[in-house]
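S.K.: Give me a model of this one.
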Amino acid sequence: MARRRSGPGGESGRSGSGQSDSAASAGGTRARTKQAGPKQASTKQAGATRRDAAAQAPSSRSIAPRKTEAAPARRTRDPAATRRALLAAARTEFAAKGLAGARVDEIAARAGVNKQLVYHHFGDKDALYLAVLEWLYDEIRAAERTVDLAGMAPAEAIAHLIGISFDHLAAHPDFVSILTDENRHGAMHVRRSGKLPTMHSPLIALIAATLDKGVAAGVFRPGVDPLQLYVSIAALGYFYFSNAATLSTIFKRRLDSRAAVATRRAHVVDLVMNALRP
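M.R.: From the prediction side, this is the model:
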């Protein structure tokens, strides 16, 4: 094998070729670096922009509402007001449709409350009906208690009591309607009430005492039963208003007009007072 010659074609040439390759490689790397420069600069610039934006943007903590104002007060429930609203709505429904025709959901809707509150406050429709009856009776007893039977002259006291009873029926036709409906059911709800009997007993006792005073004063005849007197006073007004429609049709007269009611009132007072005179 021939020995390699040194010189341009020998090791020296090979070394020169290597240097050229290294230079070429370095040149290519520098070229690629120059080409990549703008992209890297752009990436750095975008990163800086994002950092600047992040620095300028408010943090989630800074935009959260500060609890400097008190939270609005929660709506408080008023059970007493709800009960009153249900009773008023039930009174209207029972007077118009009776116990059988009235519906619990309609009563609740009229009162503006949830249907379940009817059961919560009263238990069922029958218990609500009794509560309305007790309310109606309590109203008329309260009106009658405004008469100071003990402090008035006997004749004046009884005449005043007759007028108040009649006026109350005239002003509360729903009382007449519901009472008629309850009698249709055989007074089944009144029978359950422990409150209603206690309302009437004191009144009957006061009427009895007033009659005794009138007998002693010579203005009333003796032997008048206070219970019968009370029933007669109530009946003379109640029948008139409960049957005003049929009576007006039969006799072709408006018995529910203001003038007709005033005439009837005067007649009832005069009739009862004449029945009591000696």
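S.K.: And Ala109, how close does it get to Lys115?
M.R.: To Lys115, Ala109 is 8 Å away according to Cβ to Cβ, to the nearest Å. For glycine as for every other residue, the C-beta is placed from the backbone atoms N, C-alpha and C.
S.K.: Likewise for Leu271?
M.R.: With Cβ to Cβ as the criterion, Leu271 and Lys115 are 48 Å apart.
S.K.: just so I have it, where are all the helices in the protein?
M.R.: Taking DSSP state H as the criterion, the chain carries its helices at 11-56, 60-63, 79-101, 104-111, 116-122, 125-144, 154-171, 173-184, 188-192, 196-217, 226-242, 244-251, 258-276.
S.K.: List of residues touching the last one?
M.R.: Read that as helix 258-276. With Cβ atoms under 8 Å, 6 or more residues apart in numbering as the test, helix 258-276 has contacts from 155, 158-159, 162-163, 166-167, 170, 211, 214, 219-221, 224, 229, 232-233, 236-237, 240, 253-255.
S.K.: Pull out the buried positions in it.
M.R.: Ala260, Val261, Arg264, Arg265, Val268, Val269, Val272, Leu276 (16 or more other Cβ atoms under 10 Å).
S.K.: Turn the residues you listed into TSV, columns for distance to His200 and pLDDT.
M.R.: TSV is the format used below for these (distance: Cβ to Cβ, whole Å; pLDDT from 0 to 100):
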residue	distance to His200	pLDDT
Ala260	30	97
Val261	25	98
Arg264	24	98
Arg265	23	98
Val268	20	98
Val269	21	98
Val272	18	98
Leu276	20	98
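S.K.: Out of those residues, the closest to Ile178 would be?
M.R.: For these, the minimum distance to Ile178 (Cβ to Cβ) is 20.1 Å, reached by Val261.
S.K.: Verify the contact between Ala89 and Arg110 for me.
M.R.: Yes - between Ala89 and Arg110 there is a contact at 3.8 Å, judged by Cβ atoms under 8 Å.
S.K.: Those two: which has the busier surroundings?
M.R.: The neighbour count for Ala89 versus Arg110, taken as other Cβ atoms under 10 Å, is higher for Ala89 (22 against 15).
S.K.: Return the residues in contact with that one.
M.R.: So Ala89 contacts Ile107, Ala108, Arg110, Ala111 (Cβ under 8 Å, 6+ apart).
S.K.: among these, which ones are buried?
M.R.: Buried among the contacts of Ala89 by 16+ other Cβ under 10 Å: Ile107, Ala108, Ala111.
S.K.: Tabulate those residues (TSV), appending distance to Lys97 and pLDDT.
M.R.: Putting the buried ones among the contacts of Ala89 into TSV (distance: Cβ to Cβ, whole Å; pLDDT from 0 to 100) gives the following:
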residue	distance to Lys97	pLDDT
Ile107	10	97
Ala108	15	97
Ala111	15	96
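S.K.: Reformat these as JSON lines; add distance to Ser248.
M.R.: Output for the buried ones among the contacts of Ala89, formatted as JSON lines (distance: Cβ to Cβ, whole Å):
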{"residue": "Ile107", "distance to Ser248": "31"}
{"residue": "Ala108", "distance to Ser248": "36"}
{"residue": "Ala111", "distance to Ser248": "34"}
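S.K.: Looking at the residues you listed, which one is closest to Asn183?
M.R.: The closest of the buried ones among the contacts of Ala89 to Asn183 turns out to be Ile107 (Cβ to Cβ; 21.8 Å).
S.K.: thought that closest one was touching Leu128?
M.R.: Yes - contact criterion Cβ under 8 Å: Ile107 and Leu128 qualify, at 7.4 Å.
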